[in-house]
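Sequence plus predicted model, see below.
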Amino acid sequence: MFAATAAASEPMMPAETARTAEETIEVIIVSANQQQQNWLNSAASVSISTLPEAGLLIDSGQLLQGIPGLQVDSRANFAQDTRLSVRGFGSRSAFGIRGLYLQQDGIPLSAPDGQGQLSSVVLDKIGQIEVLRGPLAVLYGNGAGGVISLKSREQLPSSVGTRVAFSDIHQQYQINLNQQTEHDSWQLAAKHFETDGFRPHSAARKQQVQFGWQRLLNPDLILKMRVDFADDPRLQDPLSLSVSQWQTDPEQTAAPATLFDTTKTTRQQQLSLSLQQQGEKPWQVALWQGQREVTQRLAFTGEAISSAGGDIALDRNFHGINAQKTWHLSSQFNHLIGGAWVESDDARRGFVNQFGQRGDLRRNEQNVAENRDLYWRFNYQPSAAWNIDGGLRYTELHYQIEDFFIQPGNPDDSGRKTYYQHAAAIGLNYQFADAWAWFVSTGIGFEAPTLAELAYKPVGTGLNLELQASENRQWESGIKYRAANTTASVSVFSIRSKDELLVASSNNGRTSYRNAGNTAREGVELSVQQALSLHLKHQFSFTWLDARFVSAELQDKRLPGVAKTEAYWQLTYQPWLSLPLFVDWASKYRSQIAIDDRNSAFAPESISFDATLYAQQQLNRWQLRYWLQLQNVTDRQNIGAVVVNQTNGRAFEPAPGRQLSVGLSMDYLW
């Protein structure tokens, strides 16, 4: 499990946490060796994010603002997940999240093949997030170019509450129940969200329910259970726009969206259990099982006999187990040994899209992905100043595709492939003064193709079994600083990848991939969080990332989908310390982004400003919170994301203009 466990937060937490600017804030993380560790003593590049204090929380990207090295591309399209990339890993994703390892409370949100999504997560129930970047992230296995670890809110006071939020196009309602006893606690949350969308044919409706329970079996043994249910009965897709369409009217919808009624529905349920022993000999066992159903109409008929269809149906069953145990061999050295087995079984069908009506069958497959891992991690602290983290991981990833739709003109596409991979990393941290530390780390990681990436050859039919896993070698070094009212870090890094997986072509939902040879990424990341006074705090992050091809075919071309420069600055002002009233101002900048491998065009730079006013009030047993938010204050026309290597010319996914929203939450505590 990689998650923040502790104690406190960084200095940007609001004043109602009862901390003052003069206090030393202790930040505890669970580092790559999975041991609790002080942030200043860790060799990992870790950023901690907390739930926003206000705002209409509808997008996972809202939880991840201001983290250096993490690029958040919001499509403003609920049929397509927000795209996340860390130091360029994940930027190729046409949908969902790839190249990053996702988990919640130690339970994977990523499938065995590396695909993942956060759309099923009840975002309001997340209490804290850790984002791990750099070489030590590779110890999480396949596709771990970075790790995003969500931690649910737990041990909440007994209460019942409701939350409502509105904008001119969005409506959201939520109820919460929490019960706390001496040995047990449980939480129940139900949420409904509906929107008309800011573009025609972009309406959405989502419902989510989450139940969590934990019991203290003895002073050191904890049993946890979580049940998640998400139902998205309507997610319309307005499609991306061409450059000329965006310049003419960024709020228009591409004509094929209405012609083919491009719409997606999803349903997911999951049961997760974990048993954790704390104390001198900690161990943990986690199990999970779930099902995910997806139907989606794409912007073409898919009527050719060799097509996979334009109306897609997926039924996925997934399950897994992860077990680990820690040994303290001495007061200076401890290590952890663990193993994981994860499997997903997909029934995939495709039909002709007869302009919004389901037609003849064009695809019928059973896809199985199985991941078996063994891992070892260690921590060695020869003195109070020195700390060494490292580990190894061995992975076997097995794919099996069985094709049941064999017709003249559509040959048997069955096949199987197994990837045998390993990852290794080591990091050194030296705290050379009370408030200062230097760290350096290096690692070797890998990313195997996903089932979706194996599905199509760039030319011809059948599985793309020639795809190899990409391999990367990383190093980074940096300085950390933490004083009474300031937390800051700066790091430099270099990444060399071979057989990089990139888009070969993308046309109306049919995307094929290729190994692109070698790439190079160098960058600098800066993060500062500081209490300037008792009334004023700020957070600043800056990323410079030079990501380029170094193979002869595309030498010196920039990696598509990756911004060279990003900056984020947030001010939080509390006018009166005796009154819990706060004003936030957030500024975001992202430089231009190449839309394809050959850099034939670039999405322009993006600049936006958000202003938020929020307050809280205690009336006997009632706790009230009010907020008002204005997003994109200047109403600037920005590009939210690009569709990489889109051969139909529609590469731009526009971001919304100015939006005003308001919300109220009421909790009754007993």
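Great, that's in hand. Residues are numbered from 1 along each chain as shown.

Mind jotting down where the helices sit in the stretch 301-450 of the chain?
Assigned helices in the stretch 301-450 of the chain: none (criterion: DSSP state H, counting those that start in this stretch).

Tell me where the model's unsure across it.
Nowhere does the stretch 301-450 of the chain drop to pLDDT under 70.

Strands along that one, start to end?
Per DSSP state E, counting those that start in this stretch, the stretch 301-450 of the chain carries strands over the ranges 311-328, 333-353, 358-380, 386-403, 415-430, 436-447.

Name the residues of the third one that are buried.
When you say that, I think you mean strand 358-380. 359, 362-365, 367-371, 373, 375-380 (16 or more other C-beta atoms under 10 Å). For glycine as for every other residue, the C-beta is placed from the backbone atoms N, C-alpha and C.

Quick check: can you name the pairing partners of that strand and their directions?
strand 333-353 (antiparallel), strand 386-403 (antiparallel) (DSSP bridges).

tell me the angle of that strand relative to strand 311-328?
10 degrees (axes from the mean of the first three to the mean of the last three C-alpha atoms, to 10 degrees).

Figure out how far strand 358-380 is from the centre of its chain.
How far strand 358-380 lies from its chain's middle: 18 Å, per C-alpha atoms, centre = their mean, to the nearest Å.

next one: the fifth one
Between the centre of strand 415-430 and the centre of its host chain there is 20 Å, according to C-alpha atoms, centre = their mean.

Now it - C-alpha only, PDB.
Extracted in PDB, the C-alpha atoms of strand 415-430 (Å, rounded to 0.1, in the frame of the first residue of the first chain):
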ATOM      1  CA  GLY A 415      -3.800 -15.200 -29.900                       C
ATOM      2  CA  ARG A 416      -1.800 -15.100 -26.700                       C
ATOM      3  CA  LYS A 417       1.300 -13.400 -25.500                       C
ATOM      4  CA  THR A 418       3.200 -13.400 -22.200                       C
ATOM      5  CA  TYR A 419       5.600 -10.600 -21.000                       C
ATOM      6  CA  TYR A 420       8.300 -11.400 -18.500                       C
ATOM      7  CA  GLN A 421       9.500  -8.200 -17.000                       C
ATOM      8  CA  HIS A 422      11.400  -6.900 -14.000                       C
ATOM      9  CA  ALA A 423      11.900  -3.500 -12.300                       C
ATOM     10  CA  ALA A 424      14.500  -2.300  -9.800                       C
ATOM     11  CA  ALA A 425      15.100   1.000  -8.000                       C
ATOM     12  CA  ILE A 426      17.300   2.500  -5.300                       C
ATOM     13  CA  GLY A 427      17.300   5.900  -3.600                       C
ATOM     14  CA  LEU A 428      19.500   7.700  -1.100                       C
ATOM     15  CA  ASN A 429      18.400  10.600   1.200                       C
ATOM     16  CA  TYR A 430      20.800  12.700   3.300                       C
END
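
re earlier: distance to Phe260 and mean neighbour count added to the strands paired with strand 358-380, as TSV?
TSV is the format used below for the strands paired with strand 358-380 (distance: least, C-beta to C-beta, whole Å; neighbours: other C-beta atoms under 10 Å):
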stretch	distance to Phe260	mean neighbour count
strand 333-353	5	19
strand 386-403	25	20
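
Tabulate those strands (TSV), appending distance to Pro157.
Shown next, in TSV, are the strands paired with strand 358-380 (distance: least, C-beta to C-beta, whole Å):
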stretch	distance to Pro157
strand 333-353	33
strand 386-403	36
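
and Leu241, which of those is closest to it?
Shortest distance between Leu241 and these, using C-beta to C-beta, is found for strand 333-353: 20.7 Å.

how far does the closest one sit from the chain's center?
Using C-alpha atoms, centre = their mean, the offset of strand 333-353 from its chain centre is 17 Å.

mind starting the numbering at 541 from now?
Understood, numbering begins at 541; the last thing we discussed is strand 873-893.

sorry, back to before: so for Gln1199, which of the strands paired with strand 898-920 sits nearest?
Short answer: strand 873-893, nearest of the strands paired with strand 898-920 by C-beta to C-beta, at 32.2 Å.

circling back to that earlier point, so which of the strands of the stretch 841-990 of the chain is nearest Ser1017?
Proximity to Ser1017 (C-beta to C-beta) singles out strand 976-987 among these, at 4.2 Å.

quick one: strands adjacent to that closest one?
strand 955-970 (antiparallel), strand 1010-1022 (antiparallel).

Can you lay out those as CSV showing distance to His723 and mean neighbour count?
Formatted as CSV, the strands paired with strand 976-987 follow (distance: least, C-beta to C-beta, whole Å; neighbours: other C-beta under 10 Å):
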stretch, distance to His723, mean neighbour count
strand 955-970, 38, 18
strand 1010-1022, 36, 20
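
Take the ones you listed and write them to CSV, including distance to Ile762.
CSV is the format used below for the strands paired with strand 976-987 (distance: least, C-beta to C-beta, whole Å):
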stretch, distance to Ile762
strand 955-970, 29
strand 1010-1022, 30
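
Hmm, Gly879 is touching Ala863, no?
Yes - using C-beta atoms under 8 Å, Gly879 is in contact with Ala863, at 6.0 Å.

the strands in the stretch 1091-1210 of the chain, which residues?
1105-1113, 1121-1130, 1133-1134, 1142-1143, 1146-1159, 1162-1171, 1179-1182, 1192-1194, 1199-1209.

The stretch 691-840 of the chain too?
With DSSP E, counting those that start in this stretch as the criterion, the stretch 691-840 of the chain has strands spanning 699-707, 710-720, 724-735, 744-758, 761-776, 803-817, 823-837.

ok so, going back, determine which of the strands of the stretch 1091-1210 of the chain approaches Leu649 most closely.
The nearest among the strands of the stretch 1091-1210 of the chain, by C-beta to C-beta, is strand 1179-1182 at 20.1 Å.

Who are the packing partners of that closest one?
If contacts are counted by 3 or more C-beta pairs under 8 Å, 6 or more residues apart in numbering; DSSP states H and E, strand 1179-1182 sits against strand 610-613, strand 1192-1194.

Among those strands, which comes closest to Trp1167?
strand 610-613 (21.1 Å).

Next SSE downstream of that closest one?
As assigned by DSSP states H and E, the chain's next helix or strand after strand 610-613 is strand 623-626.

Can you mark which positions in that following strand are buried?
Buried residues in strand 623-626 (16+ other C-beta under 10 Å): Arg623, Leu624, Ser625, Val626.

Please tell me I have it right and the last one contacts Gly674.
No - because the distance of 9.0 Å does not satisfy C-beta under 8 Å, Val626 is recorded as not touching Gly674.

If you count neighbours, what's buried in stretch 763-781?
Within stretch 763-781, the residues that count as buried by 16+ other C-beta under 10 Å are 764, 766-772, 775-781.

With stretch 1082-1095 instead?
Buried residues in stretch 1082-1095 (16+ other C-beta under 10 Å): Phe1082, Thr1083, Trp1084, Leu1085, Asp1086, Ala1087, Arg1088, Phe1089, Val1090, Leu1094.

show me what contacts the third one?
By C-beta atoms under 8 Å, 6 or more residues apart in numbering, the contact set of Trp1084 is Gly1063, Val1064, Glu1065, Lys1104, Thr1105.
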